[in-house]
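Q: here is my input; please provide its structure:
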Amino acid sequence: MTRAKLLGIVTVLWIAALSRAEPPERLRSDPPVISSSWDDLLDGIASLDDWRPRREVLKRRYLDLIRDDSKPVKPPLDLKDHEAVVVDGIYVRRLISYQVEADERAHAYLGIPLGLKGKAPAVVALHGTFPEGKQRAAGLADNPDKAYLDHLCRQGYVVIAPDHFVAGHRIPPEGPYDTSRFYQKHPEWTAVGKFTYEHSIAIDVLESLAEVDAERIGTLGHSLGGHGTIFLAAYDDRVKASVSNCGGSFLRHNRSVEAWARDHWYVYLKHLRPGLLEGKLPPIDFHEIIALIAPRAFLDLSGLNDGAPLTQRQRVLMLMKVMDVYELEKTPENFAFYVHGRGHSVAHESRALMYAWLDTHLKPPEATATRLLTPEQQKSVPDSRP
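A: Take a look at the predicted model:
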């Protein structure tokens with residue numbers, strides 16, 4: 001008898017034995033309490049009154065993390081138009097620029113639907129790590145799944161899609177996403193502080209437009225734009241609804257945590273590097289930054305198989321704890337997360353959720369309302385079948 005046949009017989013016998021074995025007895029029980037390292041978010045917090053001062057502490061820690069006190073004085077916008085194109089007779093896409101520092105201008109695409117009958121909701125659309133930056137968000141290059149400006153303008157939103165500060169119109173001589181010149185200019189600031197500050201100025205641009213309802217501004221993004229969305233919504237209370245798609249890994253339980261403070265190319269938080277190399281984390285993490293968005297609307301989408309699987313599974317535990325903050329704020333309907341197996345993507349079902357979330361929280365209730373059939377709609381008609 002060959003080895004293969006012998007193994008086959010053993011396998012069949014083993015399966016047969018299992019099928020005859022008595023199943024283990026299962027007893028009814030209450031659900032166990034789920035505890036995790038993310039529980040420190042609400043340690044010692046029992047009420048909204050307890051949460052308020054904790055939130056202030058976390059906000060100060062967040063601003064210190066991004067070195068917000070090192071940002072320059074905000075200059076006048078000096079908004080300029082460079083070109084305008086009408087797309088399918090539905091919206092106009094303008095190439096604009098505006099000041100973000102006294103000696104520095106940002107470029108962005110601005111999409112405005114045609115035929116608006118009042119002030120519209122608006123969105124800051126943040127692109128991921130792509131050299132041409134805003135070209136992707138406008139649907140002019142790369143993956144059309146990420147053409148947020150085009151998609152949302154067709155749905156009645158005013159959309160601004162700015163270049164990341166080392167992409168598009170401002171690629172440095174060293175290449176896309178190289179931050180060395182930025183840190184030469186601003187040694188005490190951070191790249192995260194820089195892009196968050198600039199994205200906040202993009203909100204200033206939206207507020208300056210007659211077409212925009214300043215009370216209905218949101219933001220969304222994927223990958224680099226995904227955690228950019230988290231940073232912006234936590235930073236600027238004018239963001240009423242936000243969506244982060246595959247928005248990066250957090251700091252704890254992350255074997256590649258030093259990527260947040262590289263010594264070359266794109267360096268997010270340069271000052272953290274010495275501590276990270278010694279195994280020390282800063283006094284704030286993503287669950288605490290996301291909690292700063294509450295009670296405003298926030299949706300997180302992520303792939304369990306996006307990068308390190310064990311780290312991404314921690315994301316579920318992290319987000320469950322953030323939900324507790326929304327419960328304290330009595331706005332649980334303003335928080336949601338969707339976890340999938342599509343990796344680092346913005347697949348159809350993810351986009352449907354992203355846009356529906358913005359519709360729910362930025363458009364009037366009638367925009368998402370369902371209705372029963374009216375008696376007029378239910379009138380019978382002659383059967384036309386042969």
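
Q: helices along the stretch 1-150 of the chain, start to end?
A: Using DSSP state H, counting those that start in this stretch, the helices of the stretch 1-150 of the chain run over 3-20, 48-65, 134-137, 148-153.

Q: next, count neighbours for D43.
A: If you count neighbours by other C-beta atoms under 10 Å, D43 ends up with 7. No exception for glycine: its C-beta is placed from N, CA and C like everyone else's.

Q: measure it to S37 for me?
A: 11 Å (C-beta to C-beta, to the nearest Å).

Q: ditto for R238
A: The gap separating R238 from S37 is 32 Å, by C-beta to C-beta.

Q: mind checking which of the two has more residues around it?
A: Higher neighbour count among R238 and S37: R238, with 19 against 14, using other C-beta under 10 Å.

Q: check contacts around the more buried one.
A: 203, 207, 214, 217 (C-beta atoms under 8 Å, 6 or more residues apart in numbering).

Q: now, among those residues, which is nearest to L95?
A: Set against L95, the nearest of the contacts of R238 by C-beta to C-beta is I203 (18.8 Å).

Q: next, the buried residues of the host helix or strand of that closest one.
A: Using DSSP states H and E, the element containing I203 is helix 191-207. By 16 or more other C-beta atoms under 10 Å, the buried positions in helix 191-207 come out as 191-203, 205-206.

Q: output that helix as PDB, nothing but the C-alphas.
A: The C-alpha trace of helix 191-207 is given here as PDB (Å, rounded to 0.1, in the frame of the first residue of the first chain):
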ATOM      1  CA  ALA A 191       4.200  67.200   7.900                       C
ATOM      2  CA  VAL A 192       0.900  66.100   9.600                       C
ATOM      3  CA  GLY A 193       0.500  69.600  11.000                       C
ATOM      4  CA  LYS A 194       1.300  71.100   7.600                       C
ATOM      5  CA  PHE A 195      -1.300  69.100   5.600                       C
ATOM      6  CA  THR A 196      -3.900  69.400   8.300                       C
ATOM      7  CA  TYR A 197      -3.500  73.200   8.500                       C
ATOM      8  CA  GLU A 198      -3.700  73.400   4.700                       C
ATOM      9  CA  HIS A 199      -6.800  71.300   4.500                       C
ATOM     10  CA  SER A 200      -8.300  73.600   7.100                       C
ATOM     11  CA  ILE A 201      -7.500  76.500   4.700                       C
ATOM     12  CA  ALA A 202      -9.400  74.600   2.000                       C
ATOM     13  CA  ILE A 203     -12.400  74.900   4.200                       C
ATOM     14  CA  ASP A 204     -11.800  78.600   4.300                       C
ATOM     15  CA  VAL A 205     -12.000  78.500   0.500                       C
ATOM     16  CA  LEU A 206     -15.300  76.700   0.600                       C
ATOM     17  CA  GLU A 207     -16.800  79.100   3.100                       C
END
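
Q: coming back round to it: nearest to R255, out of the helices of the stretch 1-150 of the chain?
A: In terms of C-beta to C-beta, the element of the helices of the stretch 1-150 of the chain nearest to R255 is helix 48-65, at 20.6 Å.

Q: now do the closest one: distance to the chain's middle.
A: Centre-to-centre, helix 48-65 and its host chain are 21 Å apart (C-alpha atoms, centre = their mean, to the nearest Å).

Q: buried sites along that helix?
A: Neighbour-count burial for helix 48-65 [16+ other C-beta under 10 Å]: 51, 54-55, 58-59, 61-63, 65.
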